[in-house]
Structure formats: structure tokens, C-alpha cells
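Asker: got a structure for you, letters missing:
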């Protein structure tokens, strides 16, 4: 058996960043840029009003105050999306809406609220003069040209992850497409004579194939493209055919068939079709975990596809995916931050460690004046999938720790969705 760190190191050393693709920006969410994005113009492209009000010359308002307004001639109006054909000159003002380009000659915008605009709002008439009750400094209520983005600057650097804000920035630059590292296609192959497709009635001795769907959903969550394959039965010929089919993808994930039972033949088939780097890890649940390469010949080329053989028990399958498959998929997408956030929590029940493996216990997190508390989600058997659905995180008990007592502190790795407890 190898350690969790050794296993992850071997897996990450094998997988590589994928090639880029160009696509519509809305389809690039959470993908990694493969090029610098340079601005071709300033944003905003012109000085513009930050408020509805009047474009004025600040020096014309010297001495203005409540009860002592300065009156200016209103010589025009400009709305967002339009440009005034008049300039503000001494003793004049132009009515302006938020976002409209600042007229020539103006150096400030006075809000409607600081004028007698509202006193005459309901008379239905445009007034030739406006009374201003406040002074104004140069640049007041004005968004300056280029205050957000300057022409020629690198706005988004290569390797930036495109979140909603970055998608918005690309759109603000008039870019409808972006060059990003493509998402990996992950084949998911369930194995075992006991498995039944979810849309068929159960017959005696059968169980529904839940692993494929939990793994596929996990692939989607971390940004990959899952491709579900038909169930492979426990015999060499159909298993070889399905593994060969699965090797058309960027990664192959199997579930089941990697333990030591008479019918656990996945690792035997894989050793014939490629290589196995390891097949047990010092962790609980998830000890039977295989990793290696499947060789797929296409024309005169031999393609080597990374393969991760997850255990058949549903909890073991999900936890090993979390520790190993998720980081590998993220690396293939060009990302370099694989670690889940962790918190230190007070354990509410004791956890025993009898066989020197690293335990990943499913826990619910709560917080009080003492800090975080971690409570086991119930029975911790590797077949109890509901223990994952009610978990916020995984409490980690080190290999060399035989017992964590109730009331002692433990590190908890946060799971997807745990942000809702904050």
C-alpha cells in the first residue's frame, strides 16, 4: 500500500494540461484562459455622468447654497447612448442622464436632488433655467475615460480562470469568443454482474448502478465532460471491449473490480491492455484503488489514457474521486489549485483507527461560541451513500493516530456545497 500523498503525486505526474480551444464566451465559464487579453480601447470610452443631473462648469457655481441658488440657462439634454452637439459655456447647463457622455466645456455633474428640478417635476414643462443649491468640485459625479480599463493594457492574463466577472469583462471589450484550455472528456465505466441500469426493473440479486451517476455528477462539478458507458459484466471479453471504447476519452474511470475477489478482474484486464502503477492506498474507505495507463492504438499511433479504477462501494468511490480524480481533472483543465479548504473542528464523537490507514469520516459541521463542531453523519460503512449526502466535510484521522476522542480537534476537508453552512 502507498500513502494518499504518494498516490496523488503519481496521478498528477501522469496527467497533463490539455490543448486549447476557441469558443463562445458564455461556454467558457470556469475554464482557464490560454492567452493574454489586451484591451483595444478605453473603458469607459469617454467621460460620462455617474448620476442623473446637470452637466455644469464648476466655477459657475461659486457661492451656491441652500436658499441662495445659482441659476443657469438649460441649453440642452443628453441621454445615455447619445452625444450632445452643444458645449457647456459660462452660465449654462445641460440636463444629463447617467452614462451619457459629458458635453464639452463641462467639468462636473450636479444631481437633480441638488437643484430645483424636483420642485417643477410635475408641471410638465421644460424650464429654461435651473437653480443649483450647491457648489461642485471638478470631476464631481463623473466617471473618467479609461478609469476601469486603459487601451493597450493586459486586462486578463493567461491562466486566469473565467468566472462571471471575467466573462463580463470579455463582453465589455467586444469579445464574443475566447481561447481556453478545453474540458477533459471522462469515460465512466461501471463493472459488475450485480449492477442494473436505473431505468430497468430490479431482478433478484441486483442493485441499481448509482456509482456511474455520482461519478458523472462529480465530473460535471469539477468542470469535465462525463461520458457514461454501458455496464461491463465480470468477464474478460466484454470488459476489454468496454475499456477499449472508454479509452477514446481523455481519462477512463471505472468503478468496481479492483479488489481481491474472484470476480474482481478489472486490474487483470488493465494489466493486459496497459500498465498499473498501483492498486491499493493506505486510506479508509477507498483502499482498493487502481491507477495506470490504458494503451489505445489508433492507426500507427499508440495513445496512453490515464485510468483510475475506483472501488465499487459507493462511498469509497466518491471519496477516492474527491481525493484523486478531481485534482487530475483540474490539472488537465490547466488549473493548479487542487486543495479543498479545511477547517479545524471539535469532534463530537470518538473515531477509532484500528488498522493504520488514513480515515475520511463523513461529518456535519456546526458553529458555536467554541468554534466549529464536527458530528458524524451516522454509520460510516462504505456502502451507506446517505452518509455522503448529509455531510459537509470529511474529518481526517491520520494513519498513526489510533483514536480521536470526543472533544478533541480534527481537521475537516470541506466538500462541495459546504459554503452553505457559513
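Answerer: Received, thanks. All values derive from a computational prediction rather than experimental measurement.
Asker: who are the contact partners of the residue of the chain positioned farthest from its centre?
Answerer: In terms of distance from the mean C-alpha position of the chain, residue 68 ranks first, at 56.1 Å (CA atoms, centre = their mean). Contact partners of residue 68, counting by CB atoms under 8 Å, 6 or more residues apart in numbering, are residue 133. C-beta: built from backbone N, CA, C; applies to glycine.
Asker: and it, what pLDDT?
Answerer: pLDDT for residue 68: 95.
Asker: what's the average pLDDT for stretch 298-314?
Answerer: For stretch 298-314, the per-residue pLDDT averages 89.
Asker: repeat for stretch 375-393
Answerer: Rounded mean pLDDT across stretch 375-393 is 95.
Asker: tell me which residues in that stretch are buried?
Answerer: 375-377, 380, 382, 384-385, 387-388, 391-393 (16 or more other CB atoms under 10 Å).
Asker: show me the chain divided up by domain.
Answerer: Here the domain parsing of the chain from automatic domain parsing is 4-18+183-332, 21-41+157-181, 48-143, 342-421.
Asker: so which residues of the stretch 101-250 of the chain form strands?
Answerer: Under the criterion DSSP state E, counting those that start in this stretch, the stretch 101-250 of the chain contains strands at 108-111, 129-132, 142-143, 154-156, 177-181, 185-190, 195-196, 207-208, 225-228.
Asker: again with the stretch 251-400 of the chain
Answerer: Under DSSP E, counting those that start in this stretch, the stretch 251-400 of the chain gives strands at 251-255, 274-278, 283-284, 290-298, 301-310, 342-347, 351-352, 358-368, 371-376, 393-397.
Asker: the fourth one - contacts with which helices or strands?
Answerer: Packed against strand 290-298, as judged by 3 or more CB pairs under 8 Å, 6 or more residues apart in numbering; DSSP states H and E, are the following elements: helix 4-14, helix 236-246, helix 266-273, strand 274-278, strand 301-310.
Asker: could you redo those as a markdown table and give each row mean neighbour count and distance to residue 166?
Answerer: Formatted as a markdown table, the helices and strands packed on strand 290-298 follow (neighbours: other CB atoms under 10 Å; distance: least, CB to CB, whole Å):
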| stretch | mean neighbour count | distance to residue 166 |
| --- | --- | --- |
| helix 4-14 | 16 | 26 |
| helix 236-246 | 17 | 34 |
| helix 266-273 | 19 | 40 |
| strand 274-278 | 16 | 37 |
| strand 301-310 | 20 | 29 |
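Asker: in the stretch 51-200 of the chain, what spans have low per-residue confidence?
Answerer: By pLDDT under 70, the low-scoring segments of the stretch 51-200 of the chain are 120-127.
Asker: confidence score at the spatially most central residue of the chain?
Answerer: In the chain, the residue lying closest to the centroid (CA atoms, centre = their mean) is residue 30, at 5.1 Å. pLDDT for residue 30: 97.
Asker: so it touches residue 162, yeah?
Answerer: Yes. Counting by CB atoms under 8 Å, residue 30 touches residue 162, with 6.6 Å between them.
Asker: coming back round to it: looking at the strands of the stretch 101-250 of the chain, spot the one closest to residue 216.
Answerer: Closest to residue 216 of these is strand 225-228 (CB to CB; 3.8 Å).
Asker: against which helices or strands is that closest one packed?
Answerer: strand 185-190, helix 211-221.
Asker: what pairs with it, parallel or antiparallel?
Answerer: strand 185-190 (parallel) (DSSP bridges).
Asker: what residues sit buried inside the strand it pairs with?
Answerer: Neighbour-count burial for strand 185-190, counted by 16+ other CB under 10 Å, picks out 185-190.
Asker: still on that earlier bit, hey, what's the residue farthest from the centre of the chain bridged with?
Answerer: residue 65.
Asker: and it, how far from residue 131?
Answerer: Going from residue 68 to residue 131 by CB to CB, to the nearest Å gives 10 Å.
Asker: for residue 307, same thing?
Answerer: From residue 307 to residue 131 the distance is 78 Å (CB to CB).
Asker: how far off centre is stretch 159-177?
Answerer: Here stretch 159-177 shows a centroid-to-chain-centroid distance of 14 Å under the convention CA atoms, centre = their mean, to the nearest Å.
Asker: what does it rub up against?
Answerer: Applying CB under 8 Å, 6+ apart, the contact partners of stretch 159-177 are 22-26, 28-33, 37, 39-41, 43, 149, 155-156, 178, 180, 334-335.
Asker: any idea how far apart the tips of it sit?
Answerer: Start-to-end span of stretch 159-177 (CA to CA, to the nearest Å) is 16 Å.
Asker: from the contacts of stretch 159-177, keep the buried residues only.
Answerer: If we count by 16+ other CB under 10 Å, these have these buried: 25, 28, 30-33, 37, 39, 43, 149, 155-156, 178, 180, 334-335.
Asker: re earlier: and the residue nearest to the centre of the chain, what does it touch?
Answerer: Contacts of residue 30 (CB under 8 Å, 6+ apart): 161-163, 223.
Asker: for residue 79, which non-adjacent residue is closest in space?
Answerer: If the residues on either side of it in the chain are set aside, residue 79 comes closest to residue 97, at 4.7 Å by CB to CB, 6 or more residues apart in numbering.
Asker: what about the nearest residue to residue 42 once chain neighbours are set aside, how many residues nearby?
Answerer: The shortest distance from residue 42 to any non-neighbouring residue, by CB to CB, 6+ apart, is to residue 146 (3.6 Å). Counted with other CB atoms under 10 Å, residues neighbouring residue 146 total 17.
Asker: just residue 343 next, same as before
Answerer: Burial measure for residue 343: 18 neighbouring residues, criterion other CB under 10 Å.
Asker: verify the contact between it and residue 367 for me.
Answerer: No. At 9.2 Å, residue 343 does not count as touching residue 367 under the criterion of CB under 8 Å.
Asker: hmm, back to that, what's the most distant pair in the contacts of residue 30?
Answerer: 163 and 223, at 12.4 Å, using CB to CB across those.
Asker: more neighbours, the two?
Answerer: residue 223 (20 against 11).
Asker: I figured the more buried one was touching residue 331, is that so?
Answerer: No. The pair residue 223 / residue 331 is not scored as a contact, 11.2 Å apart, by CB under 8 Å.
Asker: my guess is residue 195 contacts residue 231, does it?
Answerer: Yes. Residue 195 is within contact range of residue 231, at 4.9 Å (criterion: CB under 8 Å).
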